[in-house]
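Peer 1: Fold the following and give me the result.
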Amino acid sequence: MGEILVGACSWTDSMLVRSGWYPVGSRSPEGRLRHYAGRLPVVEVDSTYYALPGERNSRLWAERTPDGFVFDVKAFSLLTGHPTRDAALPPDLRGGAGTSGDGRDPRDLRDPQGLRNLRDPRDLRNSRDPALLDAVWERFAEGIGPLRRAGRLGSVLFQFPPWFRPGPRSEEFLAECAGRTAKWPVSVEFRHPAWWREEQAGATAALLRRHGFAAVAVDMAQTLPASVPPVTPVTSPRLSVVRFHGRSTAWGTGSKEDRFRHEYTDTELAEWVPRVRALAARVERVHVLFNNCCGDAAVRAAERMRALLDGGGVPSAGPSPLTLF
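Peer 2: Down below sits the predicted model:
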């Protein structure tokens, strides 16, 4: 049976900091991380999606956490084809080809509907100078270097945008990512539901398996056009990841608080207990991460899920279909 690590998708979220979960005396950056690491064994770093990670921060994270604690680091937005403004880049990399002086992309990053209508997952990447992309990959690798060397890098999460659909161009993009991330532990989350629909799921699993990428299973509301099926494919012998986004029907349309506002019940969590255990029977390690970051909902759900996985009074959840590839 593989090891199951349960945690949250942030320890620095402003709403978590204000929630009271951190005790008085543990509210400095160092104190918060030490307190979190004393309660949960894994955390996702989402700040690296918005700005490139720095070596100093990564070194401090490793120094401030106990042996065995790991960080799942979210890939920088430009590396997954998301819109990225110049302001998100280091000063010496700003003003690259494909952006205007104020950081706007020619495709107009202020037009989210236009972005959702993109069909070629390479469009945003190709609007940038390839030399800039090389430099960003290099800086990202340098930034996570201290975590890798300390054995604290659990995974690099590549969460692809909703317009990243199955097809030859997407497969080419994934192959390029594989070439750039050789020897990294990589997990992949698709936000377009077609990747895991019944007619495509087998091919998707084979594609990730070919590149050595761990598939990310998701829990989210299942009543939306963009709902990703809650399948649990195993595509790497080393790692499986499950991310809990909450079950808000405002997913993809509401404010951040509306999208992630959800309090998981024991019954909802119990639906996943047999699935997570089944994953652990097939891989070395399973990461279970809660992304319902509204107040302290994510850390409380993580702590409750740990108790349920340890046998702490799992309620009857009814049938729990399990899909493995």
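Peer 1: Please enumerate the strands of the stretch 1-150 of the chain.
Peer 2: Assigned by DSSP state E, counting those that start in this stretch, the strands in the stretch 1-150 of the chain fall at 3-8, 42-45, 70-74.
Peer 1: Show me what the longest one is packed up against.
Peer 2: In this case it means strand 3-8. Secondary-structure packing of strand 3-8 (3 or more CB pairs under 8 Å, 6 or more residues apart in numbering; DSSP states H and E): strand 42-45, helix 273-280, strand 285-290, helix 297-309. Yep, even glycine has a C-beta here, placed from its N, CA and C like the rest.
Peer 1: want to throw those into CSV with mean pLDDT?
Peer 2: Shown next, in CSV, are the helices and strands packed on strand 3-8 (pLDDT from 0 to 100):
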stretch, mean pLDDT
strand 42-45, 98
helix 273-280, 97
strand 285-290, 98
helix 297-309, 96
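Peer 1: quick one: which of these is nearest residue 206?
Peer 2: Across the helices and strands packed on strand 3-8, residue 206 has its closest neighbour in helix 273-280 (18.0 Å, CB to CB).
Peer 1: Minimum distance to residue 186: which of the helices and strands packed on strand 3-8 has it?
Peer 2: Among the helices and strands packed on strand 3-8, strand 285-290 comes nearest to residue 186, with 12.6 Å by CB to CB.
Peer 1: Run me through the strand neighbours of the closest one, direction for each.
Peer 2: Strand 285-290 pairs in its sheet with strand 3-8 (parallel), strand 239-244 (parallel), by DSSP bridges.
Peer 1: Distance to residue 83 and mean neighbour count for the helices and strands packed on strand 3-8 - can I get that in JSON lines?
Peer 2: What follows is those, written out as JSON lines (distance: least, CB to CB, whole Å; neighbours: other CB atoms under 10 Å):
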{"stretch": "strand 42-45", "distance to residue 83": "20", "mean neighbour count": "26"}
{"stretch": "helix 273-280", "distance to residue 83": "33", "mean neighbour count": "19"}
{"stretch": "strand 285-290", "distance to residue 83": "24", "mean neighbour count": "27"}
{"stretch": "helix 297-309", "distance to residue 83": "26", "mean neighbour count": "21"}
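Peer 1: Redo these as CSV? Include distance to residue 197.
Peer 2: Formatted as CSV, the helices and strands packed on strand 3-8 follow (distance: least, CB to CB, whole Å):
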stretch, distance to residue 197
strand 42-45, 26
helix 273-280, 18
strand 285-290, 24
helix 297-309, 27
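Peer 1: Stretch 268-278 spans what distance, first to last residue?
Peer 2: Counting by CA to CA, to the nearest Å, you get 17 Å between the two ends of stretch 268-278.
Peer 1: Check stretch 218-234 too.
Peer 2: 13 Å.
Peer 1: next one: the strand ranked longest in the chain to chain centre, how far?
Peer 2: The residue-count maximum for a strand in the chain (DSSP state E) belongs to strand 153-160. Computed by CA atoms, centre = their mean, to the nearest Å, the chain-centroid distance of strand 153-160 equals 6 Å.
Peer 1: Lowest mean pLDDT among the helices and strands, pick that one out for the protein.
Peer 2: Ranked by mean pLDDT, DSSP states H and E, the helix or strand of the chain with the weakest confidence is helix 112-116, at a mean of 35.
Peer 1: what about the closest residue to residue 137 other than its chain neighbours, how many neighbours?
Peer 2: With CB to CB, 6 or more residues apart in numbering as the criterion, residue 137 has its nearest non-adjacent residue at 5.4 Å, and that residue is residue 180. Neighbour count for residue 180, taken as other CB atoms under 10 Å: 16.
Peer 1: Ramachandran angles for residue 180?
Peer 2: The phi/psi pair for residue 180 (degrees, to the nearest 10) reads phi -80, psi -20.
Peer 1: No more questions from me, cheers.
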